[in-house]
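Visitor: Quick check, what structure comes out for this input:
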Amino acid sequence: MFSRFRPDTFTLMIVGALILGSVLPVQDRAAEWLGLFANGMIALLFFLHGARIDRQTALAGLVHWRLHLVVFASTFVLFPILGLAAGLLSPTLLTPALAAGVLFLCVLPSTVQSSIAFTSVAGGNVPAAICSASASNILGMFITPLLVAVLLNSQGGHHEFDWGAVAKIMAQLLLPFIVGQMLQPRLGPWLTRHKPLTMVVDRGSILLIVYIAFSHAVATGLWSRTPLPALATMLVVDLVLLALVLSITTAASRLLGFSKEDEITIVFCGSKKSLASGVPMANVIFAGQDVGGILLPLMLFHQVQLMACAALARRYAERTLAVLAAEEGPARAGVAPAEAKLAAR
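Guide: Numbers count the residues shown, from 1 in each chain. Coordinates of the predicted model:
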């Protein structure tokens, strides 16, 4: 039972990078060189993402435009509204950096890999998930910096929309992704057979940036400015955010008459936030600021969403198997499938 709540290996590695950055921070010239290397790793990661996504499968998912609108509304409308509400807890219960981090988390695009993986496990619409998650990441490269500027200013901040930041994000994330897509017919099959390569680049690039961010944050006094009650509040905020979005996306998909397969896709694509996109974006958007503190809510949310959605995917899968078993049994006895479904409910 408790194994469901045990942190995965990658989360433990992130905690290790955080601790290492706090105890043995990289500084000065070494930090600059390591930062350049990490940026190269991020560019390689998005190149590999582009090369892995099958174009025909993604295009096949385009026909589900209503589904994509619901996912995008959850990602870029519902989440930001909830993030603004959480901002009311600052500065009494959340420090300004943590409040900015929660809001930044709420304007990020959806994940690609875990959204697709959970949709597949749960028996959802995989082509639509591939299309929706990929489009969310591409749109997020422009929408996220815009929302950060607009929403932080609405909370009394002084963050202006920076076209230079957008250009850097496009150069580091979108351009490699496009090049990867162009080479997908040649590289795609090979990368499918060598998935560990993408995983090493994915995890390695994030760990490097987390280490660099916390090295800088410790040098500027992150932990002395972040009391334990504020960290506890951040945990509660992350849990409430995920619970609300999962509940609202489930209810909305049923209210709008989506099939069970589409509901699964909406729930998993509309409730995720991308650590792979968020870490490099934060490095660009909040350059020279408390990036370590801003990333804390995202890193915690990453673990929370993995644990919750893994359990939810298993639950969806078990229900699907129960319905199929109920259909097969009566079918052999001459009972209509519709009656079997009714009985299964």
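
Visitor: which regions of this structure lie under the pLDDT threshold?
Guide: 1-8, 154-162, 324, 327-345 (pLDDT under 70).

Visitor: need the longest helix for it.
Guide: For the chain, the helix with the greatest residue count under DSSP state H is helix 291-332.

Visitor: how distant is that one from the center of its chain?
Guide: 15 Å (Cα atoms, centre = their mean, to the nearest Å).

Visitor: Please apply the same query to stretch 50-59.
Guide: 19 Å.

Visitor: How about residues contacting it?
Guide: 112, 126-127, 130-131, 134, 176-185, 187-188, 191-192, 198 (Cβ atoms under 8 Å, 6 or more residues apart in numbering). Glycine gets a C-beta too; all of them are placed from N, C-alpha and C.

Visitor: Swap in 6 Å and give it another go.
Guide: By Cβ atoms under 6 Å, 6 or more residues apart in numbering, the residues outside stretch 50-59 that reach it are 127, 130-131, 134, 177, 180-181, 183-184, 187-188, 191.

Visitor: now for these, which pair is the farthest apart?
Guide: Pro127 and Leu183 (21.5 Å; Cβ to Cβ).

Visitor: Settle it for me: which of the two has more neighbours?
Guide: Using other Cβ atoms under 10 Å as the criterion, Pro127 and Leu183 rank with Pro127 on top: 20 against 14.

Visitor: Okay, and the more buried one sits in which element?
Guide: Assessed by DSSP states H and E, Pro127 sits inside helix 126-154.

Visitor: Please identify the buried residues of that helix?
Guide: Within helix 126-154, the residues that count as buried by 16 or more other Cβ atoms under 10 Å are 126-138, 140-141, 143-145, 147-149, 151-152.

Visitor: elements contacting that helix?
Guide: If you count contacts as 3 or more Cβ pairs under 6 Å, 6 or more residues apart in numbering; DSSP states H and E, helix 126-154 packs onto helix 55-60, helix 65-73, helix 113-122, helix 163-169, helix 260-270, helix 275-285.

Visitor: what angle do the second one and helix 113-122 make?
Guide: Right, helix 65-73. With axes from the mean of the first three to the mean of the last three Cα atoms, to 10 degrees defining the directions, helix 65-73 sits at 130 degrees from helix 113-122.

Visitor: For burial, what's the neighbour tally of Lys168?
Guide: 19.
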